[in-house]
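Visitor: Provided below for reference: sequence and predicted model.
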Amino acid sequence: MSTVRVRFAPSPTGYLHIGGARTALFNWLHARNLKGQFILRVEDTDQSRSTPESVEAILEGLRWLGLNWDEGPEVGGEYGPYFQMRKLERYREVAETLIASGHAYRCSCTKEELEERRLLAEKQKRLYRYEGLCRNKTLSRDTPHVVRFKVPQEAGSVCFLDEVLGRICKQYSDIEDFILLRNDGIPLYNFGCVVDDHDMAISLVGRGQEHINSTFGQMLLFEALGWQAPKFAHFPLILGQDREKLSKRLHPEADLMQHRKNGILPHALLNFIVRLGWSHQNDETFSLQQMIEYFGFNHVGKTSGVWNPDKLLWLNQYWMKNLPPSEVAAALIPFLKEAGATEILEPAKLEKTVLALRERSKTLVEMARLGVCYFQKGVTMDAAAKAKHLGAEGLALLREVRERLAATDFSPANIEAAIREVAQTHQVGLGKVAQPIRVAVTGQTISPGISETLDLLGREEALARMQTALKG
RNA sequence: GUCCCCGUCGUCUAGAGGCCUAGGACGCUGGCCUUUCAAGCCGGCAACACGGGUUCGAAUCCCGUCGGGGACACCA
């Protein structure tokens, strides 16, 4: 069996797009599933838009998701360079080969000239083609020119067998003489991509369906160069709720790191995007090991999927409840700080907090909001909560329970008993007694069960907070 | 407009000719549990785009229509 080598080849023109993240994930899973190599390649040939900051942002996004690469920036590898701008000579050399073999030509037509022809063709209601356009001009190397690929002029078509879509073809006449090298000698996507996929011995190219049309040109290039083309797999697109392709401009959820800020666990996000376009029987939740074990292109769907924020939230809560508490606790720390925690974030207490709050929060932001009161001195009292539960009646009940609590240790049984007795004495429901305690110690109407809450706070702090509430 | 891809509940999907009276999940919804809020458990609503074929039999195969999306840069 030949080696599986797949790549993720983003262009560093901004943050890591969620669609890119899913493309990376599918490739990564395929590589891990088959014990192959996952390569990261930076396609930075768009000089006007590429920035080093973007490279870093993309690496950071991949690291956050845990998608490690075997070759690429920072780790190197035998097939580098992994930045396209570092191998311009190579592209020029290949372009020359194509010109020499008659598969490409130098073209000095300007954009304007081409546009003119396009309009003319439209006016004449005939299909516009690049046929013969500049092919016959002979140019010296010093006149400014681009290098164009010479698409076969005879009748015929290019086809490839897509791993998820099946056989797809396109007629030669529907493909234009696309540009290989710009007039500054820098390669365009379609060309750099082919040279690199060949040079890096990529066995399968997995990318979004928006690239299907460029695949035909690439197939032509592989053929002209006499190189064996890799396999291709085109993944369904991710659409926003407006059914348009998820774009950075229109959809905030397109920004991977936005989800980190929103308190989404990386594993939850992974689980969510892996199910957008892929399935394994009726399974909904997957550990990383399961994803790797089950993944295959045969179960990648063909239809675009719509972003579903509710399901992401559900998955996030699911994983907050099912991942080791220590892992969730570690992820919670920055959110607690952000929420205003001032006390020491001690690991054991953090884990207890996670255990107590994970059934009540869908995100780490929510968990921090509910949990920050356990990591502060005193409470920030919610006015509405106070008005509702710490009126005359509430305070009277609170005074009484506090007395009983102060007289015992804080075992769950004792706390239960104290509440029960007070409720019984006054012929009121348990809630009547419990709520004032809850509000007094947390400042909110929402918290875990009372004994759990008091335990989290510690006897001393809890009694002190009740005392403060009683003083008004 | 041209080319390419796609078309099962609102959404993500299972489904590779009989196992489908179409299954699961999110959401919505009724109930149980309950000291708050949740979580959990039990139940409900809800889909094969349409029209022709092929076949004893079609969500599954073929054709057409309609619908949706994508690509049409010296961007990737």
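Guide: Arrived safely.
Visitor: Sort out which residues of stretch A:149-162 are buried, please.
Guide: A:Phe149, A:Lys150, A:Val151, A:Val158, A:Phe160, A:Asp162 (16 or more other Cβ atoms under 10 Å). Any C-beta I mention is one placed from the backbone N, CA and C, and that applies to glycine too.
Visitor: Can you give me every residue that contacts the closest residue in space to A:Pro187 that isn't next to it in sequence?
Guide: Ranked by Cβ to Cβ, 6 or more residues apart in numbering and with sequence neighbours excluded, the top spatial neighbour of A:Pro187 is A:Tyr91, at 4.2 Å. A:Tyr91 sits next to A:Gln84, A:Leu180, A:Leu181, A:Ile186, A:Pro187, A:Phe191, A:Gly192, A:Val195 when contact means Cβ atoms under 8 Å, 6 or more residues apart in numbering.
Visitor: so who does A:Leu430 touch?
Guide: A:Ile419, A:Arg420, A:Ala423.
Visitor: who wins for neighbours among those?
Guide: Using other Cβ atoms under 10 Å as the neighbour test, those are led by A:Ile419, with 22 neighbours.
Visitor: Surely that one is in contact with A:Leu398?
Guide: No - contact status for A:Ile419 versus A:Leu398: not in contact, 10.9 Å apart, counting by Cβ atoms under 8 Å.
Visitor: what about stretch A:81-98 and RNA strand B, touching?
Guide: No - between stretch A:81-98 and RNA strand B, judged by Cβ under 7 Å from any atom of the strand, nothing touches; the nearest distance is 7.8 Å.
Visitor: and if you look at stretch A:204-222?
Guide: Yes - for stretch A:204-222, a contact with RNA strand B is found by Cβ under 7 Å from any atom of the strand, at A:Gln209, A:Glu210, A:His211, A:Ile212, A:Asn213, A:Ser214.
Visitor: Quick check: residues of the stretch 201-350 of chain A near RNA strand B?
Guide: Residues of the stretch 201-350 of chain A lying near RNA strand B (Cβ under 7 Å from any atom of the strand): A:209-214, A:236-237, A:239, A:243-245, A:275-277, A:279, A:281-282, A:284, A:298-299, A:301-306, A:308, A:310-311, A:313-314, A:317-318, A:321.
Visitor: How are the strands of chain A distributed by residue range?
Guide: Taking DSSP state E as the criterion, chain A contains strands spanning A:5-8, A:37-40, A:104-107, A:146-149, A:157-162, A:166-171, A:179-181, A:204-208, A:231-235, A:238-239, A:305-306.
Visitor: Save these as a markdown table, and put in mean pLDDT and distance to A:Ile18 too.
Guide: Shown next, in a markdown table, are the strands of chain A (pLDDT from 0 to 100; distance: least, Cβ to Cβ, whole Å):
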| stretch | mean pLDDT | distance to A:Ile18 |
| --- | --- | --- |
| strand A:5-8 | 98 | 14 |
| strand A:37-40 | 98 | 17 |
| strand A:104-107 | 91 | 36 |
| strand A:146-149 | 93 | 32 |
| strand A:157-162 | 96 | 23 |
| strand A:166-171 | 95 | 25 |
| strand A:179-181 | 96 | 30 |
| strand A:204-208 | 98 | 11 |
| strand A:231-235 | 98 | 13 |
| strand A:238-239 | 96 | 6 |
| strand A:305-306 | 96 | 11 |
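Visitor: Would you reformat these as TSV and include distance to A:Val365?
Guide: Below are these laid out as TSV (distance: least, Cβ to Cβ, whole Å):
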stretch	distance to A:Val365
strand A:5-8	29
strand A:37-40	30
strand A:104-107	54
strand A:146-149	50
strand A:157-162	40
strand A:166-171	43
strand A:179-181	47
strand A:204-208	30
strand A:231-235	30
strand A:238-239	23
strand A:305-306	24
